[in-house]
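1. Here's a sequence, model it:
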Amino acid sequence: ISMPTDLPMPAPLLIAIEGSSRAEALLALAVRLALALAAPVEVICVIDPGYSLGSPDRHPISAEDAVDYPGPAHEQEGAEHVVQTAVQQPQAAGVTACGHVVSGEPEQVICRQAHELGCQLIVLGHRHRRWLTRVREASVCHAVIEQAACPVLVLPPHDDGD
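-> The predicted structure is shown next:
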């Protein structure tokens, strides 16, 4: 029995990560899903526009930028490292994966990227926050759930991803 080779590629999974300790569990869950769905993975890390020095794919951080803007350079480099490290986990499992750093409001960027890439699922983590923090700051997870055009899978703060 031969399989047709012209089957369309499944829609990707969008994995939104940050540099937290939860990234490992989030990626493990995403890899299991990607393998089960035979889907590629797109990893993004969203940074505040005030800390963005441009897209690392189009405008690498110059030595001059790093000296003139050490805070943004450090933030950009940290986010790039988080993405590079995160992409290695699905790739090691045989999943096609790529990633990039994007600047903007997290919920808007995540939903826009999922739409532009035609993603079938958004996977992100949820942090437990103190009640005062929840009152002052809107939850990215809740906003993504409300705005996304595709399903959203949220890894709860107490789940280790297994």
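
2. list the buried ones in the longest helix seen in the chain?
-> Counting residues, the longest helix found in the chain (DSSP state H) is helix 70-92. Under the neighbour-count criterion of 16 or more other Cβ atoms under 10 Å, helix 70-92 has 72-73, 75-76, 79-80, 82-83, 85-87, 89-90 buried. For every residue, glycine as well, the C-beta is placed using N, CA and C.

3. Nearest to Leu26, out of those: which one, please.
-> Ala86 (8.7 Å; Cβ to Cβ).

4. how many neighbours does the closest residue to the closest one other than its chain neighbours have?
-> Closest residue to Ala86 apart from its sequence neighbours, by Cβ to Cβ, 6 or more residues apart in numbering: Val43 at 4.8 Å. For Val43, the tally of surrounding residues (other Cβ atoms under 10 Å) stands at 28.

5. just the strands in this structure please.
-> For the chain, the strands defined by DSSP state E cover 13-17, 41-47, 97-103, 121-125, 152-155.

6. Turn those strands into JSON lines, including distance to Arg112 and mean pLDDT.
-> Output for these, formatted as JSON lines (distance: least, Cβ to Cβ, whole Å; pLDDT from 0 to 100):
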{"stretch": "strand 13-17", "distance to Arg112": "10", "mean pLDDT": "95"}
{"stretch": "strand 41-47", "distance to Arg112": "10", "mean pLDDT": "94"}
{"stretch": "strand 97-103", "distance to Arg112": "9", "mean pLDDT": "94"}
{"stretch": "strand 121-125", "distance to Arg112": "11", "mean pLDDT": "93"}
{"stretch": "strand 152-155", "distance to Arg112": "14", "mean pLDDT": "92"}
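
7. That concludes my questions; thank you for your assistance.
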